[in-house]
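# Let's see this in three dimensions:
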Amino acid sequence: MIAVLDVDGTLVDSNYQHALAWYRALRSLGETFPIWRLHRLIGMGGDQLVAALGGQELEDRLGEEARERQGVEVDKLIGEVAALPGARDLLLAIKARGHRLVIASSGQPRHVDAALDLLDARDVADAWTSSEDAERTKPAPDLLQVALRKLDAPEDAASVLIGDSTWDVEAAERAGMPAIVVRSGGFGDDELRAAGAVGIYDTPADLGADLDATPLA
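Numbers count the residues shown, from 1 in each chain. Model (predicted):
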């Protein structure tokens, strides 16, 4: 079995920092959106977020610059990001069961590196991804398919996604993976279940304690 794990909101508590970074980046370009709307899109890749927020016209006009500025704003907040309870222990528990593990992020490479360091995960994960690894990020399935290819595994290999957002669940469904989610991303149980999540836990620690009740038993 291959476990494919999202990072932001799943292993590290960074969703709200990313929402604030998007708010600051867009406002610096003359576009102000309520932060709650931005939070609702965290988990969707930055390549798709601007158009989802304000339409193709907004994407065409300032999408590239917004993404660059958002990355700079995240840099300013990265020191405030903490690992979620039990995140590294979850990685170790998955590996202890003999599964392979890919950390699949659509974040910018330097932010993925910061998360890997925070989790001390470089010697635990078999591979990891960033925004540079796929043309389309979540909710498209491309990044999850890339995660499997990083292990030379076929797209129909037995696998499971662990994420935190409806966008994770939607990407997993498109990739043919069951999805387990944690609530730390700030999405409601009803919408996570409606998207197709097969299990919902408060934190990575709670999931790690209940692995025997999941496809990763």
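# can I assume His39 is in contact with Asn15?
Yes: His39 sits in contact with Asn15 when judged by Cβ atoms under 8 Å, with a separation of 6.7 Å. Placement of C-beta: from N, CA and C, glycine included.
# Chain neighbours aside, what residue packs nearest to Asp156?
Gly176 (6.7 Å; Cβ to Cβ, 6 or more residues apart in numbering).
# What is the burial count for that neighbour?
Look at Gly176: counted by other Cβ atoms under 10 Å, it has 13 neighbours.
# And it, how far from Gly9?
23 Å (Cβ to Cβ, to the nearest Å).
# swap in Thr166?
The separation that Thr166 has from Gly9, given Cβ to Cβ, amounts to 11 Å.
# Check Ile200 too.
13 Å.
# Surely Val160 forms part of a strand?
Yes: counting by DSSP: H, G, I helix; E, B strand; the rest coil, Val160 falls inside a strand.
# Could you double-check that it sits in contact with Ala179?
Yes: using Cβ under 8 Å, Val160 is in contact with Ala179, at 7.4 Å.
# So for those two, which residue has more residues nearby?
Neighbours were counted for Val160 and for Ala179 using other Cβ under 10 Å; Ala179 has more, 27 against 21.
# Quick check: nearest residue in space to that one, chain neighbours excluded?
Ala172 is the one closest to Ala179 (Cβ to Cβ, 6+ apart), at 3.9 Å.
# ok now do Lys150, which residues does it touch?
Listed by Cβ atoms under 8 Å, 6 or more residues apart in numbering, the contact set of Lys150 reads 102, 126-129.
# Got the domain ranges for the protein?
Domain assignment for the chain by automatic domain parsing gives 2-14+82-213, 15-80.
# Would you format these as a markdown table with mean pLDDT included?
What follows is these, written out as a markdown table (pLDDT from 0 to 100):
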| stretch | mean pLDDT |
| --- | --- |
| domain 2-14+82-213 | 95 |
| domain 15-80 | 96 |
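# and among those domains, the most buried is which?
With neighbours defined as mean count of other Cβ atoms under 10 Å, the domains of the chain peak in mean count at domain 2-14+82-213, which reaches a mean of 20.
# Tell me the secondary structure of the residue of the chain positioned farthest from its centre, please.
Most distant residue from the mean C-alpha position of the chain: Gly30, 27.7 Å away (Cα atoms, centre = their mean). Assigned with three-state DSSP, Gly30 falls in the coil class.
# re earlier: mind putting the contacts of Lys150 in CSV, distance to Gly186 and secondary structure included?
Formatted as CSV, these follow (distance: Cβ to Cβ, whole Å; DSSP: H, G, I helix; E, B strand; the rest coil):
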residue, distance to Gly186, secondary structure
Val102, 24, strand
Asp126, 29, coil
Ala127, 27, strand
Trp128, 23, strand
Thr129, 23, strand
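# just the strands in this structure please.
Applying DSSP state E to the chain gives strands spanning 2-5, 100-104, 127-129, 159-163, 179-182, 199-201.
# distance between stretch 160-173 and the chain's centre?
Centroid separation for stretch 160-173 versus its chain: 8 Å, with Cα atoms, centre = their mean, to the nearest Å.
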